[in-house]
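Participant: Fold the following.
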Amino acid sequence: MGDDMSKQNKALVRRYLDQVYNNGRSDVIDELLADDYVDHSAPSGQAPGTAGTRQVYDMYRTAFPDLRVKIHHLVAEDDLVVARATFTGTSRGPLMGAPPTGKPVQFSSMVIVRLRAGRFVERWEQMDLLGLMLQLGVVSQENEEGGHA
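Facilitator: Next comes the predicted model:
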């Protein structure tokens, strides 16, 4: 039973990432997130639940209209799925105060999702925001290498 649940949960996470990010189907957010969904990695000011997830999705989709995700690994055990992925896109809109650059970006993410009855109930993510901010020019490489403050 555990293997079947793990396979089903991996398929749901794959579907979510593919449909939402590669196909721009934000309606899948409402379909797959549970009413009591909690995003433990929510940025400051993010609304709770599906509204907050849509808020962040819209922010990234505005900044990178061609946003795509490539899944490298999906690992599942019981009700948890871990995904390692790379996002790519072109900076066409503002993001967290950074003006658009017109340049391509690439950033990595590792996320853990807990599912219940075919829906996402919790999420934890570590995203390479520093790498993204370096690419957008918000942070300079010089500062990161111990140069000028």
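
Participant: Could I get the phi/psi values of the nearest residue to Pro65 once chain neighbours are set aside?
Facilitator: Using CB to CB, 6 or more residues apart in numbering and skipping the chain neighbours, the partner closest in space to Pro65 is Arg92 (5.3 Å). Backbone N, C-alpha and C define where each C-beta goes, glycine included. Per-residue torsions, Arg92: phi -120, psi -10 (degrees, to the nearest 10).

Participant: for Arg92, what are its contacts?
Facilitator: Applying CB atoms under 8 Å, 6 or more residues apart in numbering to Arg92 gives the contacts Ala63, Phe64, Pro65, Asp66, Pro100, Gly102.

Participant: Write the PyMOL selection for whichever of those are buried.
Facilitator: To isolate the buried members of the contacts of Arg92 in PyMOL, using 16 or more other CB atoms under 10 Å:
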select buried, resi 63+64
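
Participant: Specify which member of the contacts of Arg92 is nearest to Leu32.
Facilitator: Sorting these by how near they are to Leu32, with CB to CB, puts Phe64 at the top with 21.5 Å.

Participant: Quote the end-to-end distance of stretch 16-25.
Facilitator: Using CA to CA, to the nearest Å, one end of stretch 16-25 lies 9 Å from the other.

Participant: can you check stretch 16-24 too?
Facilitator: 10 Å.

Participant: buried residues in it?
Facilitator: For stretch 16-24, using 16+ other CB under 10 Å, the buried residues are Tyr16, Leu17, Gln19, Val20, Tyr21.

Participant: would a markdown table of the residues you listed with pLDDT and secondary structure be doable?
Facilitator: A markdown table is the format used below for the buried residues of stretch 16-24 (pLDDT from 0 to 100; DSSP: H, G, I helix; E, B strand; the rest coil):
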| residue | pLDDT | secondary structure |
| --- | --- | --- |
| Tyr16 | 98 | helix |
| Leu17 | 97 | helix |
| Gln19 | 97 | helix |
| Val20 | 97 | helix |
| Tyr21 | 96 | helix |
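
Participant: Nice, that's everything, thank you.
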